[in-house]
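>>> What shape does this take:
(chains A and B)
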Amino acid sequence: MIAELGHFALALAAAVALVQAVVPMLGAARGDGAMMAAAAPAALVQFGVLGIAFAALMHAYITSDFSVLNVIENSHSLKPLLYKVAGTWGNHEGSLLLWVTVLALFGALVAVFGRNLPPSLKARTLSVQALITLGFLVFMLLTSNPFARVFPPPIEGTDLNPLLQDPGLAFHPPMLYVGYVGLSISFSFAVAALIEGKVDAAWARWVRPWTLLAWTFLTAGIALGSWWAYYELGWGGFWYWDPVENASFMPWLAATALLHSAIVVEKRDTLKSWTILLAIIAFGLSLIGTFLVRSGVLTSVHAFASDPDRGIFILLLLVVAIGGSLGLYAWRAPGLQGGGLFRPVSREGALVLNNLLLSAAAATVFVGTLYPLFLEVLTDDKISVGPPYFNLTFTPIMGVLVIALGVGAMLPWKRGDLGAVTRRLTVACVVTAVLMGLAALLYWQRSALAVAGLGMAAWLAAATLTQLWQRVRPTARIGVGEGVRRMAGLPRAAWGMTLAHLGVAVIVAGATGASLLTQETISSGGPGDRFTVGDYAFTLESVDRVAGPNYAAERGTFRVTDAETGDEIATLHGERRRYVAGGQETTEAGIRSDLGGDLYAVLGQPTDDGGWTVRLYRKPLVPWLWIGSGLLVLGGLFSLSDRRLRVGAPRRSGTRAGGVARTQPAE
Amino acid sequence: MIRSLLLALAVVVAALPALAVQPDEMLDDPALERRAREISQDVRCLVCQNQSIDESNADLARDLRVLVRERVKQGDTNQEVRDYLVARYGDYVLLKPPFGLSTLLLWASPALLLLVGALAVFLWFRGRGRASATQAGGAEAALSAEERRRLDRLLAGEDGPEDDGSGRDPGDRRA
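Next up, the predicted model:
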């Protein structure tokens, strides 16, 4: 019954979406206030109805309703509650339902918080949003119904892939989707602005918080996924350049560029047409990502061709949404007037460079991800594009970006003096040189590239802090104490920028440590055996059998000591789990983190002579990856809470705006 | 029903992992072993999704790892090992695609994209320089009077456009 309610709610949502797509758009064209006003309530109803559908599916999972095909294929009655809940979106149909629910959520948020948007812009934005929702709802109803029933129902389900039964991955998809799908709002705003034929600083102010919100969640989602891969997949990598990862990374790069170009539109009233294009591209990449992941085209071009219904439908959606919006862009964008002028060497110029590099990076990931597909379709040649390609192409582009970022953020608007900025960065240069020297002493033997990577991180951090300091203390006449006091008065957006740029520096350091400075020992042995990894000695103390709720495990206990002094450092537990339902095995690494890095121990297969394979690692600076990601997210939240960005929020109820507290900057 | 049974069976069969490189596969000579690892990190596990044989648990990956080590032990250079693998499995086996006619666009595109982008930016700057010379000061006049009023209303009490944190906002107190 509840499953049927969910199915019915989906159909109802499609009807509402149709109304929301057509009526406000017509109203805006005719200048009919009543028709335009239909958009907001429709968006709220839409979200309500989809919320019901989502709750219905979740109910089926929680109660292990094995008459629903989707639950049979992805759940098991013994599964812990958290993973029953997470199972709702851990599959094709469920994740699409999450997709449209988030789409509707953002529509509803604009309806609620966009009260002082011009009525026609609001109506058109919500109408475009509903069009996207409608496309996906029709897709679900025709090819991917999550509520399909089975008779007779089996007694037990086939379980969720145990690799996915993990707290990190339980929350990874919702985070990612809020980011991914949240970009739809920037897209809808962009298309609405193209229809209106008007893009101004006010438009940029309305769009920026939504982009920022989506970007913040996307960042958190990607970081969670990376963290999961790091501790769950058992060999401690954090980024694999897997097409599925790339699918979420491309929109992130585009959204990052969009965030920066929207600043230029807002402050200097120029780069409008480019910013609109970026908004379209960012969401277009989200759609392409969804297509890549959901159509099966990645596994093989032939798998796609053998079950083409879903793939072709999404492809069609893709062509209509991206092609349509780009067509509209080509038609309307030339009419947009550019405003404020600036010299190449200026803050605007630096942001243009940022956009150039980020776009090239996004395009490189795009080419690298899709090239094998196109090549296979066109010539039947099969090639692989793996990490070595991206290391040789993407990484240098980002390197240039990181170095330029240190200088660019210091440049004044309109017209800057490179010489003056360089002089202001003298201290940062010296700090960088000293830290690089230190890194060279420690790591030159192991990897010269790592010294360069750490140097870049040091440079960016030093330059970012210099920028912050000179902002509060532009001349020596201002005392140091006064400078510190002024920091509290800086706009939150300024803090947001500083935190985010520091986050990038910290991530660069972490990525360098994780990929270039890792030390490993792969060996075998039994309890009592001692293995050396760099400066550390791992002793396998014991291997015990332990039972989990839906798995049985072998747990290896490792004692880690300093290889020279013998001082006690940590005790790690690495597990090998075997899941009851499917018989799959997973490894749970034993990890001890501190600021310097991780100790990472994996218990492998039993060997013929009664011992076990062990994999032991020392991974310097890995926690910096997560700390840096945290700084990025924090920077996004800080910037989001800047009252400047809440112009789009209702004035009277400012405290509720975007769920962030209204703040009074200290005078 | 049959589909789910098959699915379950497939999962069971696929789930007998031997985590990546095993100690018993390793070569005694550390220098050779290091080279073998280096090679295997760039060799694709053919039955996996985007994993190298160095990372993969699949049986085929193990066979390839052993094969790589045999070749290395017999005195092949890294390139000879790769050539040998390509001769057997095609370019698909290399995670770093070889540079050739069919991958020309792949390898050239990052530089090409940057160049085209830089050119576009350059032309845009030049075009704007000309446009501004003909209609001096036209930039700020682009807003109509009505737009200007609306913008002023929205910006009322905001930081100045320079965003230097100096201007504080009276709008906050009014709220």
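
>>> Confirm that residue A:555 sits in a strand.
Yes. Residue state for residue A:555 (DSSP: H, G, I helix; E, B strand; the rest coil) corresponds to a strand.

>>> mind checking how far it is from chain B?
With distances taken as C-beta to the nearest C-beta, to the nearest Å, residue A:555 is found 16 Å from chain B. Quick note: C-beta positions are derived from backbone N, CA and C, even for glycine.

>>> Could you check how many residues crowd around that residue?
A count of neighbours around residue A:555, defined by other C-beta atoms under 10 Å in any protein chain shown, yields 17.

>>> Next one: it from residue A:38, what distance?
60 Å (C-beta to C-beta, to the nearest Å).

>>> Output the set of residues of the stretch 51-200 of chain A in proximity to chain B.
A:72, A:73, A:150, A:154, A:158, A:200 (C-beta under 8 Å from any C-beta of the partner chain).

>>> Next one: the closest residue to the last one other than its chain neighbours from residue A:198, what distance?
When the adjacent residues along the chain are set aside, residue A:200 lies closest to residue B:147, with 6.3 Å between them (C-beta to C-beta, 6 or more residues apart in numbering or on different chains). Taking C-beta to C-beta as the measure, residue B:147 falls 8 Å from residue A:198.

>>> neighbour count winner among these two?
residue A:198 (19 against 14).

>>> Just say helix, strand or coil for that one.
Under the three-state scheme (three-state DSSP), residue A:198 adopts coil.

>>> same deal with residue A:527?
For residue A:527, the assignment made with three-state DSSP gives coil.

>>> where does it land on pLDDT?
Note on residue A:527: pLDDT of 90.

>>> And for residue A:432?
95.

>>> Which of the helices or strands spans residue 126?
You didn't pick a chain, so chain A it is. Residue A:126 is part of helix A:119-143, with elements assigned from DSSP states H and E.

>>> try chain B instead
With DSSP H and E as the criterion, residue B:126 is inside helix B:104-134.

>>> The closest residue to chain A within chain B and residue B:83, how far apart?
As assessed by C-beta to the nearest C-beta, chain A sits closest to residue B:95 within chain B, at 2.8 Å. In this view, residue B:95 and residue B:83 are 15 Å apart by C-beta to C-beta.

>>> who's more crowded, those two?
residue B:95 (22 against 13).

>>> and that one, what does it touch?
Residue B:95 is in contact with A:384, A:385, A:386, A:387, A:388, A:389, B:41, B:42, B:43, B:44, B:52, counting by C-beta atoms under 8 Å, 6 or more residues apart in numbering or on different chains.

>>> Same list (those) but as JSON lines, adding distance to residue A:256.
As requested, the contacts of residue B:95 are arranged in JSON lines below (distance: C-beta to C-beta, whole Å):
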{"residue": "A:384", "distance to residue A:256": "28"}
{"residue": "A:385", "distance to residue A:256": "23"}
{"residue": "A:386", "distance to residue A:256": "24"}
{"residue": "A:387", "distance to residue A:256": "21"}
{"residue": "A:388", "distance to residue A:256": "24"}
{"residue": "A:389", "distance to residue A:256": "22"}
{"residue": "B:41", "distance to residue A:256": "29"}
{"residue": "B:42", "distance to residue A:256": "29"}
{"residue": "B:43", "distance to residue A:256": "33"}
{"residue": "B:44", "distance to residue A:256": "30"}
{"residue": "B:52", "distance to residue A:256": "29"}
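
>>> and the two most separated of these?
In the contacts of residue B:95, two members sit farther apart than any others by C-beta to C-beta. They are A:385 and B:41, at 15.0 Å.

>>> Mind checking which of those two has more residues around it?
Each of residue A:385 and residue B:41 has its neighbours counted (other C-beta under 10 Å); residue A:385 has more, 26 against 16.

>>> Residue A:462 against residue A:424, yeah?
No. Using C-beta atoms under 8 Å, residue A:462 is not in contact with residue A:424; the gap is 11.9 Å.

>>> Neighbour count for the two, which is higher?
When neighbours are counted by other C-beta under 10 Å, residue A:462 and residue A:424 differ, and residue A:462 comes out ahead with 22 against 17.

>>> mind listing the helices in chain B by residue range?
In chain B, the segments counted as helices under DSSP state H are B:2-14, B:30-41, B:59-73, B:78-89, B:104-134, B:145-155, B:171-174.

>>> Output the ones you listed as CSV; include the columns mean pLDDT.
Listed next are the helices of chain B as CSV, based on pLDDT from 0 to 100:
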stretch, mean pLDDT
helix B:2-14, 39
helix B:30-41, 88
helix B:59-73, 89
helix B:78-89, 91
helix B:104-134, 86
helix B:145-155, 77
helix B:171-174, 37
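
>>> Pick the most deeply packed of those.
By mean neighbour count, with neighbours taken as mean count of other C-beta atoms under 10 Å in any protein chain shown, helix B:59-73 ranks first of the helices of chain B at a mean of 19.

>>> What helices and strands are in contact with that helix?
Judged by 3 or more C-beta pairs under 8 Å, 6 or more residues apart in numbering or on different chains; DSSP states H and E, the packing partners of helix B:59-73 are helix B:30-41, helix B:78-89.

>>> For it, which outside residues touch it?
Helix B:59-73 has contacts (C-beta under 8 Å, 6+ apart) with B:18, B:20-22, B:25-27, B:32-33, B:35-36, B:39-40, B:43, B:45-48, B:51, B:53-54, B:80-81, B:84-85.

>>> ok, the residue nearest the centre of chain B - contacts?
Closest residue to the average C-alpha location of chain B: residue B:110 at 11.3 Å, with C-alpha atoms, centre = their mean. Residue B:110 makes contacts with A:360, A:363, A:364, A:367, A:393, A:394, A:397, as judged by C-beta under 8 Å, 6+ apart.

>>> Can you tell me which of those residues is nearest residue A:86?
Using C-beta to C-beta, residue A:394 comes nearest to residue A:86 of the contacts of residue B:110, at 31.2 Å.

>>> Just give me how far the host helix or strand of residue A:112 sits from the chain centre.
If you go by DSSP H and E, residue A:112 is part of helix A:92-113. For helix A:92-113, the separation from the chain centroid amounts to 17 Å (computed by C-alpha atoms, centre = their mean, to the nearest Å).
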